[in-house]
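Peer 1: here is the input, now give the coordinates:
(one chain, ligands or ions: 2)
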Amino acid sequence: MRIKRLDIGGFKSFVDKASLDFQQGITGIVGPNGCGKSNVVDAIRWVMGEQSAKNLRGKSMEDVIFGGSELRKPVGMAEVSMVLSTDDGRVSAKYLGYHEIQVTRRLYRDGESEYFINKTPCRLMDITELFMDTGVGARAYSIIEQGKIGMILHSKPEERRFLIEEAAGVTKFKARKQVALKK
Ligand code: ATP
Ligand code: MG
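Peer 2: Ligands and ions are numbered 1, 2, ... in the order given. Predicted coordinates:
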């Protein structure tokens, strides 16, 4: 899977809707301090289902909603959509027939959350499953932020095992086993 486009609206500093196209190859995001580069990475992490406000550099999840500036009033909802290309075929069987998958997440100030895959409402779990074993999930290794390399090197064997299992493609089966055992 490859990121094709990211649509961000009401999320952190992106008060108006912004659309970012990602071409084949490497994309670099440049700009002065505080212009919102890291907020783009936060948006990607968030739309993939991140549940920890701390990992999004906030105190509570509400902090992802545009909170106002000198010129603009706060808004009531944050929405991020990510369009993925499935042309490399590395996608679970469920989505093999699709050229593109669009994943959307919304959060309202009253705390209500919505998740969509291809504009159809879904559960957070469906989004988590979509990314499992691709190396892209919230706990996976596709986003290497400052300090992450050191964290991996110093992590406990069980934590490191999680990354190895994700790379080996067994995370999904472990998650399903856990659900089955609970039933
Ligand atoms: P640096 O080069 O210093 O790493 P950056 O380009 O990565 O900067 P970001 O951290 O992405 O910058 O953006 C920080 C800006 O986003 C700050 O100006 C901050 O006020 C703004 N911001 C973050 N959350 C919100 C929010 N909920 N509402 C409005 N603005 C926000
Ligand atoms: Mg930054």
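
Peer 1: show me where pLDDT drops low in this protein?
Peer 2: Along the chain, segments meeting pLDDT under 70 span 138.

Peer 1: can you name the residues of it that neighbour ligand 1?
Peer 2: Contact residues (Cβ under 6 Å from any ligand atom) of the chain with ligand 1: 12-13, 31, 33-39, 63, 65-67. Yep, even glycine has a C-beta here, placed from its N, CA and C like the rest.

Peer 1: write the ChimeraX selection for whichever of those are buried.
Peer 2: ChimeraX command restricting these to the buried ones, with burial defined by 16 or more other Cβ atoms under 10 Å:
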select :12,36,38,39,65,66
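
Peer 1: distance to residue 89 and secondary structure added to the residues of the chain next to ligand 1, as TSV?
Peer 2: TSV is the format used below for those (distance: Cβ to Cβ, whole Å; DSSP: H, G, I helix; E, B strand; the rest coil):
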residue	distance to residue 89	secondary structure
12	33	coil
13	36	coil
31	34	coil
33	40	coil
34	40	coil
35	36	coil
36	33	coil
37	31	helix
38	32	helix
39	32	helix
63	38	helix
65	36	strand
66	37	coil
67	41	coil
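
Peer 1: save the residues of the chain next to ligand 1 as TSV, and put in distance to residue 123 too.
Peer 2: Listed next are the residues of the chain next to ligand 1 as TSV, based on distance: Cβ to Cβ, whole Å:
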residue	distance to residue 123
12	25
13	29
31	35
33	38
34	35
35	34
36	30
37	31
38	28
39	26
63	24
65	22
66	26
67	28
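
Peer 1: what residues does this structure have near ligand 2?
Peer 2: Within reach of ligand 2 by Cβ under 5 Å from the ion, the chain has these residues: 37-38.

Peer 1: need the contact list for the residue nearest to residue 36 when sequence neighbours are not counted.
Peer 2: What sits nearest to residue 36 in space, not counting adjacent residues and going by Cβ to Cβ, 6 or more residues apart in numbering, is residue 13, at 4.5 Å. By Cβ atoms under 8 Å, 6 or more residues apart in numbering, the residues touching residue 13 are 35-36, 39, 66.

Peer 1: now do the helices in the protein.
Peer 2: Residue ranges of the helices in the chain, as given by DSSP state H, are 37-47, 124-131, 148-154, 157-168, 171-182.
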